[in-house]
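> here is my input; please provide its structure:
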Amino acid sequence: MDVRTQLRRFGTVALCAAAIAAASCDEPLRDITGPTPNLVPTFDSIRTEIFQTTDASGRASCVNCHTTAGRTFTAGLDLSVDPYAALVNVVSTERRDLMLVMPGNPEASYLIHKLEGRSGIVGLRMPRSGPPHLTTGQIDVIKRWIEIGAPR
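Model prediction:
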(Lines give C-alpha, C1' and ligand atoms only; values in the text may rest on other atoms or scores of the structure.)
Protein backbone atom coordinates (compact mmCIF):
# COMPACT_ATOMS: atom_id res chain seq x y z
CA MET A 1 0.00 0.00 0.00
CA ASP A 2 1.47 3.34 -1.02
CA VAL A 3 1.71 6.39 1.23
CA ARG A 4 -1.17 8.22 -0.52
CA THR A 5 -3.55 5.35 0.10
CA GLN A 6 -2.49 5.15 3.73
CA LEU A 7 -3.03 8.90 4.17
CA ARG A 8 -6.47 8.71 2.54
CA ARG A 9 -7.47 5.86 4.83
CA PHE A 10 -6.13 7.68 7.86
CA GLY A 11 -8.01 10.83 6.84
CA THR A 12 -11.23 8.86 6.34
CA VAL A 13 -10.87 7.15 9.71
CA ALA A 14 -10.10 10.49 11.42
CA LEU A 15 -13.09 12.14 9.75
CA CYS A 16 -15.39 9.30 10.82
CA ALA A 17 -14.07 9.45 14.38
CA ALA A 18 -14.66 13.21 14.52
CA ALA A 19 -18.21 12.80 13.20
CA ILE A 20 -19.00 10.10 15.77
CA ALA A 21 -17.56 12.21 18.58
CA ALA A 22 -19.59 15.24 17.52
CA ALA A 23 -22.77 13.20 17.23
CA SER A 24 -22.34 11.69 20.70
CA CYS A 25 -21.81 14.96 22.56
CA ASP A 26 -24.09 15.44 25.52
CA GLU A 27 -27.15 17.54 24.96
CA PRO A 28 -27.23 20.79 26.91
CA LEU A 29 -28.88 20.10 30.26
CA ARG A 30 -31.68 22.56 29.54
CA ASP A 31 -32.68 20.34 26.60
CA ILE A 32 -33.11 17.23 28.75
CA THR A 33 -34.48 18.69 31.98
CA GLY A 34 -37.66 19.93 30.31
CA PRO A 35 -39.76 21.92 32.75
CA THR A 36 -36.72 22.87 34.88
CA PRO A 37 -34.26 24.39 32.36
CA ASN A 38 -32.03 25.79 35.12
CA LEU A 39 -31.53 22.41 36.82
CA VAL A 40 -27.89 21.32 37.17
CA PRO A 41 -26.33 18.45 39.19
CA THR A 42 -25.68 20.42 42.37
CA PHE A 43 -27.49 20.19 45.67
CA ASP A 44 -28.48 23.88 45.63
CA SER A 45 -30.00 23.53 42.17
CA ILE A 46 -31.90 20.34 43.05
CA ARG A 47 -33.16 21.91 46.29
CA THR A 48 -34.35 25.04 44.51
CA GLU A 49 -35.62 23.58 41.22
CA ILE A 50 -37.09 20.26 42.45
CA PHE A 51 -37.70 20.33 46.20
CA GLN A 52 -38.94 23.92 46.52
CA THR A 53 -40.46 24.78 43.13
CA THR A 54 -43.54 23.62 41.25
CA ASP A 55 -42.24 23.25 37.70
CA ALA A 56 -43.67 24.41 34.37
CA SER A 57 -45.35 21.03 33.76
CA GLY A 58 -47.38 21.37 36.96
CA ARG A 59 -45.41 18.82 38.99
CA ALA A 60 -45.80 19.99 42.57
CA SER A 61 -42.76 20.90 44.64
CA CYS A 62 -41.64 18.28 47.13
CA VAL A 63 -42.07 20.59 50.12
CA ASN A 64 -45.79 20.79 49.44
CA CYS A 65 -45.99 17.44 51.23
CA HIS A 66 -42.56 16.81 52.76
CA THR A 67 -42.84 19.27 55.62
CA THR A 68 -43.90 19.05 59.24
CA ALA A 69 -46.03 22.19 58.94
CA GLY A 70 -49.46 20.93 59.96
CA ARG A 71 -49.15 17.40 58.64
CA THR A 72 -47.99 13.91 59.47
CA PHE A 73 -46.82 11.56 56.75
CA THR A 74 -45.62 7.98 56.90
CA ALA A 75 -42.07 8.39 55.63
CA GLY A 76 -41.32 11.23 58.03
CA LEU A 77 -39.18 13.00 55.42
CA ASP A 78 -39.06 16.76 56.01
CA LEU A 79 -37.42 18.60 53.11
CA SER A 80 -38.38 22.08 54.30
CA VAL A 81 -35.58 22.79 56.81
CA ASP A 82 -32.36 20.94 55.92
CA PRO A 83 -33.05 18.58 53.03
CA TYR A 84 -29.39 17.59 52.71
CA ALA A 85 -29.28 16.27 56.29
CA ALA A 86 -32.66 14.59 55.76
CA LEU A 87 -31.50 12.69 52.66
CA VAL A 88 -27.76 12.03 52.43
CA ASN A 89 -26.48 8.93 54.27
CA VAL A 90 -29.86 8.50 55.95
CA VAL A 91 -31.44 5.04 56.09
CA SER A 92 -34.88 4.93 54.50
CA THR A 93 -37.71 4.34 56.95
CA GLU A 94 -39.57 2.47 54.21
CA ARG A 95 -36.69 0.29 53.00
CA ARG A 96 -34.18 -0.22 55.84
CA ASP A 97 -31.78 -1.92 53.39
CA LEU A 98 -31.30 1.33 51.42
CA MET A 99 -30.07 4.84 52.12
CA LEU A 100 -32.26 7.67 50.85
CA VAL A 101 -29.19 9.04 49.09
CA MET A 102 -26.06 6.88 48.97
CA PRO A 103 -23.27 9.19 47.72
CA GLY A 104 -21.67 7.74 44.60
CA ASN A 105 -24.39 5.14 44.07
CA PRO A 106 -27.74 6.23 42.61
CA GLU A 107 -28.83 2.58 42.21
CA ALA A 108 -28.59 2.10 45.99
CA SER A 109 -30.39 5.40 46.65
CA TYR A 110 -34.03 4.91 47.61
CA LEU A 111 -34.81 8.45 46.46
CA ILE A 112 -34.18 7.34 42.87
CA HIS A 113 -36.35 4.24 43.34
CA LYS A 114 -39.24 6.42 44.57
CA LEU A 115 -38.83 9.03 41.81
CA GLU A 116 -38.77 6.35 39.11
CA GLY A 117 -41.59 4.31 40.66
CA ARG A 118 -39.55 1.11 40.67
CA SER A 119 -41.02 -2.17 41.81
CA GLY A 120 -40.20 -2.83 45.44
CA ILE A 121 -40.92 0.67 46.68
CA VAL A 122 -43.25 1.12 49.63
CA GLY A 123 -46.25 3.23 48.76
CA LEU A 124 -46.56 5.33 45.63
CA ARG A 125 -44.16 6.84 43.14
CA MET A 126 -43.17 10.39 44.06
CA PRO A 127 -44.54 12.89 43.76
CA ARG A 128 -47.59 11.21 45.12
CA SER A 129 -49.82 13.85 43.52
CA GLY A 130 -48.46 12.99 40.05
CA PRO A 131 -48.61 12.68 37.23
CA PRO A 132 -46.86 14.70 36.21
CA HIS A 133 -43.82 13.06 37.75
CA LEU A 134 -40.23 14.14 37.27
CA THR A 135 -39.00 13.71 33.70
CA THR A 136 -36.26 11.23 32.85
CA GLY A 137 -33.93 14.20 32.34
CA GLN A 138 -34.70 15.65 35.76
CA ILE A 139 -34.06 12.27 37.39
CA ASP A 140 -30.83 11.87 35.38
CA VAL A 141 -29.54 15.17 36.81
CA ILE A 142 -30.32 13.98 40.36
CA LYS A 143 -28.58 10.67 39.58
CA ARG A 144 -25.53 12.58 38.31
CA TRP A 145 -25.37 14.60 41.54
CA ILE A 146 -25.44 11.35 43.50
CA GLU A 147 -22.80 9.76 41.19
CA ILE A 148 -20.38 12.60 41.85
CA GLY A 149 -20.68 11.99 45.58
CA ALA A 150 -23.77 14.06 46.49
CA PRO A 151 -21.73 17.09 47.57
CA ARG A 152 -23.42 19.74 49.68
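
> tell me the pLDDT of residue 67.
pLDDT, residue 67: 85.

> same check on residue 23?
In this model, residue 23 is scored at 38, pLDDT.

> swap in residue 79?
The per-residue pLDDT of residue 79 was computed as 90.

> over to residue 11?
The pLDDT attached to residue 11 in the predicted structure is 46.

> show me where the protein has helices.
For the chain, helices defined by DSSP state H occupy the ranges 3-23, 29-32, 43-46, 83-87, 110-116, 136-147.

> and the ones you listed, which one averages the lowest pLDDT?
Averaging pLDDT over each of those puts helix 3-23 lowest, since it has a mean of 46.

> show the contacting residues for the nearest residue in space to residue 45 that is not next to it in sequence.
Spatially, and ignoring its direct neighbours in sequence, residue 45 is nearest to residue 39 (5.6 Å; Cβ to Cβ, 6 or more residues apart in numbering). Placement of C-beta: from N, CA and C, glycine included. By Cβ atoms under 8 Å, 6 or more residues apart in numbering, residue 39 lies in contact with 29, 33, 45, 46, 49, 50, 138, 141.

> and residue 39, backbone torsions?
For residue 39, the backbone dihedrals are phi -70, psi 130 (criterion: degrees, to the nearest 10).

> next, count neighbours for the residue lying closest to residue 114 once chain neighbours are set aside.
Excluding its sequence neighbours, the residue lying closest to residue 114 (Cβ to Cβ, 6+ apart) is residue 126, at 4.5 Å. Residue 126 is flanked by 21 other residues according to other Cβ atoms under 10 Å.

> you'd agree residue 126 is up against residue 132?
No: Residue 126 sits out of contact with residue 132 when judged by Cβ atoms under 8 Å, with a separation of 11.8 Å.
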